[in-house]
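Chemist: The amino acid sequence is not available; the structure is as follows:
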């Protein structure tokens, strides 16, 4: 049975406490936190470390910028196919070759459009997590699956750029530069928060390895690019 305060207790209440009592509830600081223990495992929600949340925000902002510049280049190229683009720096750093190729329009629309939408969602998620929001476990699974797909796409497009186009799109490289750490950080954060089917030791190792994984992935791409374009770089410098 609820306690009925006396007149003296009512007189000692603050305005917030009195309003809360009259509304039939407790003050915000006294309200119990929601208990997820009764929920199915796939519905239990967890937050994220601030460093991960802000990585999503900053990385997505850079990705949105690169996607927007690619969209502008695509529109300019459609209006004037013979015109020069700001992303055409030299024979090895250029985006013209990828704009009209099917590899640059994988789903029937420019890849930059898809990337822009994806980065907008990730930016919103980063802000939500930075403000203390929590995501259900099934959402973390989707986030992990999405970043795995994004990293596979990056690896595929690096191979296409090197072997088919023979040139590297500068804005695409900017997209790669932010997607790789965001993907590895997502896997590490999901593991650290207990959202992956891993033991405690394996989860800790994955969380700790996120920056090593990022560095290794970037190093592999750099080596592939140098091996493929080394002779051309030497001739251009000489």
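Modeler: Received the coordinates, thanks. Nothing here was measured: the structure is a model prediction, and the numbers come from that model.
Chemist: Return the set of buried residues in the longest helix seen in the chain.
Modeler: Secondary structure of the chain per DSSP state H: the longest helix is helix 50-79. Neighbour-count burial for helix 50-79 flags 52-53, 55-57, 59-60, 62-67, 69-71, 73-74, 76-77 (criterion: 16 or more other C-beta atoms under 10 Å). C-beta coordinates here come from the backbone N, C-alpha and C atoms, glycine included.
Chemist: Direction-wise, compare the host helix or strand of residue 183 with helix 50-79 and give the angle.
Modeler: Using DSSP states H and E, residue 183 maps to helix 170-192. Angle of helix 170-192 versus helix 50-79, following axes from the mean of the first three to the mean of the last three C-alpha atoms, to 10 degrees, is 150 degrees.
Chemist: quick one: average pLDDT of helix 170-192?
Modeler: Averaged across helix 170-192, pLDDT comes to 95.
Chemist: and the next element down the chain from it?
Modeler: helix 200-208.
Chemist: re earlier: and the longest helix of the chain, average pLDDT?
Modeler: The model assigns helix 50-79 a mean pLDDT of 93.
Chemist: which strands and helices sit next to it?
Modeler: Secondary-structure packing of helix 50-79 (3 or more C-beta pairs under 8 Å, 6 or more residues apart in numbering; DSSP states H and E): helix 96-99, helix 111-130, helix 170-192.
Chemist: repeat that with 6 Å
Modeler: In terms of contacts (3 or more C-beta pairs under 6 Å, 6 or more residues apart in numbering; DSSP states H and E), helix 50-79 is packed against helix 111-130, helix 170-192.
Chemist: chain center to it: distance?
Modeler: Averaging C-alpha positions (C-alpha atoms, centre = their mean, to the nearest Å) puts helix 50-79 11 Å from its chain's average.
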